[in-house]
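> For reference, the sequence and a predicted model appear below.
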2 protein chains.
Amino acid sequence: MIARKLEVTYLPFDRTTRVPPGTTVFSAAHWIGLPIDSTCGGRGTCGKCKVRVIKGLADPETADHRQLRPQEIADGWRLSCQARIYDDMTCEVPQLLRVPKAATMGLGRLVILDPNVRKVYFELAEPSLHDQRSDVARLKDALTAEGHDMVAGVAVLRTLPRVFREAGFKVTAVLAGERLVAVEAGDTTGDCYGVAFDVGTTTLVGTLMNLRTGMAASVRSTLNGQAPFGADVISRISHGMNGPDAIRELQEAVVTTMNAVLDELYRETGVAPEQTYEAVVVGNVTMLHLLLGVDPSPLSMSPFTPAFMDELAVEAREVGLRIHPHGYLQTLPALGAYVGADIVAGVLATGVVREDRLRVFVDVGTNGEIVLGGAERALATAAPAGPAFEGSQIKCGMRATAGAIEGVQLGDGVELQVIGGDIPAEGICGSGLVDAVAQLLLAGLLDHSGRLRTPGDVPNHPLRDRLIEIDGVRAFLLADGVYLTQRDIRELQFAKGSIATGIKVLMDILGVRAEDLDEVLLGGSFGSYLNPESARVIGLVPPVDVARIIAVGNSAGEGAKIALLSYRERQVAFELPSRIEYVELSGRSDFNDSFISVLGFPHLDPADSPDQARIGSS
Amino acid sequence: MIARKLEVTYLPFDRTTRVPPGTTVFSAAHWIGLPIDSTCGGRGTCGKCKVRVIKGLADPETADHRQLRPQEIADGWRLSCQARIYDDMTCEVPQLLRVPKAATMGLGRLVILDPNVRKVYFELAEPSLHDQRSDVARLKDALTAEGHDMVAGVAVLRTLPRVFREAGFKVTAVLAGERLVAVEAGDTTGDCYGVAFDVGTTTLVGTLMNLRTGMAASVRSTLNGQAPFGADVISRISHGMNGPDAIRELQEAVVTTMNAVLDELYRETGVAPEQTYEAVVVGNVTMLHLLLGVDPSPLSMSPFTPAFMDELAVEAREVGLRIHPHGYLQTLPALGAYVGADIVAGVLATGVVREDRLRVFVDVGTNGEIVLGGAERALATAAPAGPAFEGSQIKCGMRATAGAIEGVQLGDGVELQVIGGDIPAEGICGSGLVDAVAQLLLAGLLDHSGRLRTPGDVPNHPLRDRLIEIDGVRAFLLADGVYLTQRDIRELQFAKGSIATGIKVLMDILGVRAEDLDEVLLGGSFGSYLNPESARVIGLVPPVDVARIIAVGNSAGEGAKIALLSYRERQVAFELPSRIEYVELSGRSDFNDSFISVLGFPHLDPADSPDQARIGSS
């Protein structure tokens, strides 16, 4: 269903990229790290992004006629932000963005500071009998002269007469895109903030960003207030099925949590809600449905159809978010019912679909969300993993809080890493579980089918006494009262088997093998804690050199921050659904076939395996 | 400041018109009564409005590429709704709208039924694992296939999952323009209503229109609930100066009035608020400011600057209007601080700026709003008339309600027309005042300077006994206790002098004389009651043959209804501010000069004067 990619070459850099039809010349250049000069950020209003098309010239657009001279148009000049690629193309870029303010974010991504929210200070001409323009027209004309488009809703319009006159027509206009958010008395360009939210099913992270400097002013995280309605998306959806009031209840719970985070951020930084003009929000599809008060119930049953997947810009007051009363909340798009805006943000932060390298990005959780590919072609899917990675359905499982074993190393004895430091272990969380199983395998206490050995099987093993039986089920004793049962290991096998199968299905479609992979990226809050070698040993990820398995941290939050700081990057995120092919695993026969084959643990080439000393120490 | 008009010719009709640069070929054709075929109404989405450009071919737009084949584009075919006129042009129209549903509205204007609100019934494909499009995408794709664009806000989005599934994916989409207002279960295309509001300072008229048939379902009028805050716009603005609460109070007053009118309309017709998707609202600039809660105070002092003049589309719930909760309120634009959307609606209803004839449209009230011109060029202004025409500041003045003298005829006796029929006269309203003064002039009881004669001046006149003195001031006795004083006549002289001067200033700018005028149109609720001959006799309007002076009724309300029924006509209204040059009278020396010269009453050419029998009988 994906149309043929088109090739566009940029001179004098001689850089080429392949893009889906309809991509703008401006965006395509940005994708490969060529930030074409622009003050309006690619909205067709400043005229600075013109390029000369050498090959594949298309007819000019309305904005070209407005911004370019007829001779320029005849000579092949076009606004790159308006010129869409419908044919292979070569063009000459006269001017890249000079000394752009930029920051390294996400996975080594250089992000140009170019926020959607912009402040422009004006000393407007005062009205006279010879200049009776309305307040809106006066402001709009001034903005147009500076290369900005403007649309004003009636709520902002109400503030104009007073602010204009009290400020003697010296005012600062605040734009979110082309939407007028506010007009403030005097020059307030120094204070401009936005907030990036990663709304996880479990944890919610908010980062207050200074949009002028590109720096994070503060960051806060807390539990999602929907937790009382269930730990995972399915139980949240189930609660929502009780009707509109229940959906409203879930919405209020998450909005209340976000507002509590905002209040803390404001308190700590001294920034006011009225100085915070935009919130970029990412999260899985269910979280965004609930945040916007949209019934998510069709997501819980086949054929898993969301109400919406595209990005949405919603007035903050529509959801009750405590930022500027006329500010906006911007979501990122989703790729599928279970590959949400959090993954799109992760792809943005890691640049997976941007570089020529072949990479797989895996966000491990109740679902394993997988994106495989590179600039040429990319695929995405979601594999249902069950709750094992979150420590649920595991006998001694617990969430990753104080007392949880998060790392395990087996040698002559058992060495544990416990969250909270030198305290007794109370249970085991997902990363500890993965570590424990990997270590049991490497220590020879677990066979490759996933069967725990008995003390009789390994009579000379230094840890043979730890192989115990609990209620007739085999187990391995990790600490006083904390053990891993045969059933826990089976749970993990199903979970990792599902994700591994998802990765395999995508690799088969793309026709690549493990050795073709340049990198395996582990994303999401869980991925950051996962020991890459353990992930490899249990076969959760393909058997690549462990140095190529990289934990990328909270890539969703990073992506949200990037989209907040850069309109260009935001556009890139908006285009991701057209660039990444979504693969539905349900009902695929190759999924079921592969699943059985990867339930066991892989026999890895010893040459790839690092010495055990590294395990558990990263 | 107005750019050179461009000439566009339509074949095979050989019809030519002149338009400002940037007008679309589609709109320009509609202006001269050539409704080019279209189902999307000129939004670039249906592709039916294509024309072949013979001369003045411009480059194709994005929509052309989407809708036309490359060969068609090469042959000069363009979508007329996208093609803007930037050069003189000739084009061939293959297809006019066939057998369009149309109605005669306003001043003999044939209006094509083509409302902005459209309902489309779909039996959508149900989701499956091979078709996991989101609900929004599913609907949008179906609409695109039928030639409609769609944008959905989160409020409507919330309703999709339930409606889709309860209705088995058989749904009716309701669009207001490209905005999705609602999705309704089953086929509801039969029920589609809108409401046209003329919000006058004094009177508010609402007409519920069946958008399917184009018929008025019902009409109701009532006093504007802002009346307790003052009779005219200046006193309303003064009240608003008490601060935001006072503005809110005025807003609530008018919204409450509108909702009361709506409730009556619903009760009488059985139509539900949820079946009423759009309200087109016209009114003067102050009324629209207050309706939207925008501070109008800068309108009350020089240099008279409104907060906004452009048309606005506002969610009905934003102002609390009781139509569909996601419906819209659409205002028309204004031409100047005192030439508001009501006048734009009047111009739409009368077609003044559309035909080659030279006409002047005058809406007489506290201000005289004047539009002079034709298709070639048009001017507008507002002349401050004071309250005389509304019966205020007149000794025995009253509003046009029961007991008011609304017509006067003087012969051997005094013949009065009293509102309410055979009841005693209690006072005199504006139209009665104009009649009385005209009749006194014709009867020789008033000289051309405006001075009432004494009984001694006209010893043999049958009405000499009616020339009396009240508190030392000359007066004419109309009925028991109802008389007209010398001071009242002076008030009228100032009022009519101001309007006459406004007309004269515009005629001078345009370089035309009274004999060049094809018609004088008297609009507004007051204009409808005004005796054309009396208006001519007192010199309120230029001295043209009385047959050419036409009362056009509630032209503002008619214009609002036209804009409600026809998206094309609404576009025409939106373009009027760019077609009509606004002239500010304040500070113009020629206004003051002319004013003095027209304070007296004109010496009309007796040949133009009809016999007296006609006066007061129309």
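Done, it's in.

> Lowest mean pLDDT among the helices and strands of chain A, which one is it?
helix A:524-529 (a mean of 76; mean pLDDT, DSSP states H and E).

> Check which helices and strands that helix sits against.
strand A:359-363, helix A:430-442, strand A:549-551, helix A:555-565 (3 or more CB pairs under 8 Å, 6 or more residues apart in numbering or on different chains; DSSP states H and E). No exception for glycine: its C-beta is placed from N, CA and C like everyone else's.

> these two touch, right, residue A:373 and residue A:358?
Yes - shown here, residue A:373 and residue A:358 form a contact pair, counting by CB atoms under 8 Å, at 6.9 Å.

> Kindly tell me how buried residue A:500 is, as a neighbour count.
26 (other CB atoms under 10 Å in any protein chain shown).

> let me redo that: residue A:426
Quick note: residue A:426 (other CB under 10 Å) scores 19 neighbours.

> contacting residues for it?
A:398, A:403, A:404, A:481, A:482 (CB atoms under 8 Å, 6 or more residues apart in numbering or on different chains).

> Among those, which one sits closest to residue B:461?
Ranked by distance to residue B:461 (CB to CB), the contacts of residue A:426 are led by residue A:398 at 110.6 Å.

> Leaving out sequence neighbours, find the closest residue to that closest one.
residue A:427 (3.5 Å; CB to CB, 6 or more residues apart in numbering or on different chains).

> right, and that neighbour touches residue A:482 too?
Yes - assessed by CB under 8 Å, residue A:427 is found in contact with residue A:482 at 5.9 Å.

> Share the number of residues neighbouring the residue nearest to residue A:398, please.
Other residues close to residue A:427 by other CB under 10 Å number 21.

> For it, give me phi and psi.
phi -180, psi -170 (degrees, to the nearest 10).

> check contacts around it.
Contacts of residue A:427 by CB under 8 Å, 6+ apart are A:391, A:396, A:397, A:398, A:403, A:404, A:405, A:482.

> Which residues of the stretch 501-618 of chain A lie near chain B?
A:582, A:584, A:586, A:587 (CB under 8 Å from any CB of the partner chain).

> hmm, back to that, what's the most buried one of the helices and strands packed on helix A:524-529?
Ranked by mean neighbour count, the helices and strands packed on helix A:524-529 are led by helix A:555-565 with a mean of 30 (mean count of other CB atoms under 10 Å in any protein chain shown).

> would residue A:348 count as being in a helix?
Yes - counting by DSSP: H, G, I helix; E, B strand; the rest coil, one finds residue A:348 located in a helix.

> Is it correct that it is in contact with residue A:573?
Yes - between residue A:348 and residue A:573 there is a contact at 4.9 Å, judged by CB under 8 Å.

> Can you give me the pLDDT of residue A:325?
For residue A:325, the model assigns a pLDDT of 94.

> Residue A:429 contacts residue A:405, doesn't it?
Yes - between residue A:429 and residue A:405 a contact is recorded at 6.9 Å, counting by CB under 8 Å.

> Overlap in contacts, these two.
Joint contacts of residue A:429 and residue A:405 (CB under 8 Å, 6+ apart) are residue A:419.

> distance of the most centrally placed residue in chain A from residue A:553?
Centre of chain A computed as the mean C-alpha position; nearest residue by CA atoms, centre = their mean is residue A:345, 2.1 Å away. Counting by CB to CB, to the nearest Å, the separation of residue A:345 from residue A:553 is 12 Å.

> cool, and residue A:570?
Relative to residue A:553, and taking CB to CB, residue A:570 is found at 20 Å.

> Who has more neighbours out of these two?
Between residue A:570 and residue A:553, residue A:570 has the larger neighbour count (other CB under 10 Å), namely 24 against 19.

> Give me the contact list for the helix or strand hosting the more buried one.
Using DSSP states H and E, residue A:570 sits within helix A:567-579. For helix A:567-579, contacts defined as CB under 8 Å, 6+ apart pick out A:19-20, A:22-23, A:27, A:30-31, A:35, A:41-42, A:111-112, A:114-116, A:177, A:280, A:309-311, A:330, A:332-335, A:344-345, A:347-348, A:353-354, A:378, A:559, A:562-563.

> Out of those residues, which sit inside helices?
When the contacts of helix A:567-579 are checked against helices (DSSP state H), the matches are A:27, A:30, A:31, A:344, A:345, A:347, A:348, A:559, A:562, A:563.

> Tell me the one of those residues nearest residue B:163?
Nearest member of the ones in helices among the contacts of helix A:567-579 to residue B:163, counting by CB to CB, is residue A:344, at 27.6 Å.

> how deep is that closest one tucked in, by neighbour count?
Count around residue A:344 with other CB under 10 Å applied: 31.

> Could you tell me how far it is located from residue A:310?
11 Å.

> Need the overlap of contacts for these two.
Common neighbours of residue A:344 and residue A:310 (CB under 8 Å, 6+ apart) are A:333, A:577.

> Please identify which of the residues of the stretch 501-618 of chain A next to chain B is nearest to residue B:602.
The closest of these, once distances to residue B:602 are taken by CB to CB, is residue A:582, at 79.4 Å.

> Just give the number of residues close to the closest one.
Residue A:582, neighbours per other CB under 10 Å, totals 18.

> Who does the closest residue to it other than its chain neighbours form a beta bridge with?
Nearest-residue entry for residue A:582: residue A:336, 4.3 Å, with adjacent residues in sequence omitted and distances by CB to CB, 6+ apart. Residues found in beta-bridge contact with residue A:336 (criterion: DSSP bridges) are residue A:339.

> quick one: residue A:336 and residue A:380 touch, right?
Yes - at 6.8 Å, residue A:336 and residue A:380 qualify as touching, with contact defined as CB under 8 Å.

> Of the two, which one has the most company?
residue A:380 (28 against 23).

> Isn't the more buried one up against residue A:337?
No - taking contacts as CB under 8 Å, residue A:380 lies outside contact range of residue A:337: 11.6 Å.

> Distance of the residue lying farthest from the centre of chain A relative to residue A:320?
Distance from the centre of chain A peaks at residue A:129, with 53.5 Å (CA atoms, centre = their mean). With distances taken as CB to CB, residue A:129 is found 45 Å from residue A:320.

> Just the closest of the ones in helices among the contacts of helix A:567-579 to chain B, please.
Closest to chain B out of these is residue A:344 (14.4 Å), distances taken as CB to the nearest CB.

> Provide a list of residues in contact with the closest one.
Contacts of residue A:344 (CB under 8 Å, 6+ apart): A:282, A:332, A:333, A:334, A:335, A:559, A:573, A:576, A:577.

> would a markdown table of those with distance to residue B:161 be doable?
Formatted as a markdown table, the contacts of residue A:344 follow (distance: CB to CB, whole Å):
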| residue | distance to residue B:161 |
| --- | --- |
| A:282 | 21 |
| A:332 | 21 |
| A:333 | 18 |
| A:334 | 15 |
| A:335 | 20 |
| A:559 | 27 |
| A:573 | 25 |
| A:576 | 24 |
| A:577 | 20 |
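
> Which member of these is positioned nearest residue A:148?
residue A:573 (22.0 Å).

> Distance check, that closest one against chain B.
In this view, residue A:573 and chain B are 17 Å apart by CB to the nearest CB, to the nearest Å.

> What's the local residue count around that residue?
Counted with other CB under 10 Å, residue A:573 comes out at 26.

> can you pull out the helices in the stretch 101-250 of chain A?
Listed in chain order, the helices of the stretch 101-250 of chain A (DSSP state H, counting those that start in this stretch) span A:135-145, A:154-157, A:160-166, A:233-240, A:244-269.

> For those helices, give me TSV that also has mean pLDDT and mean neighbour count.
Shown next, in TSV, are those (pLDDT from 0 to 100; neighbours: other CB atoms under 10 Å in any protein chain shown):
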stretch	mean pLDDT	mean neighbour count
helix A:135-145	95	19
helix A:154-157	95	20
helix A:160-166	97	19
helix A:233-240	94	21
helix A:244-269	97	18
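
> Sounds good, over and out.
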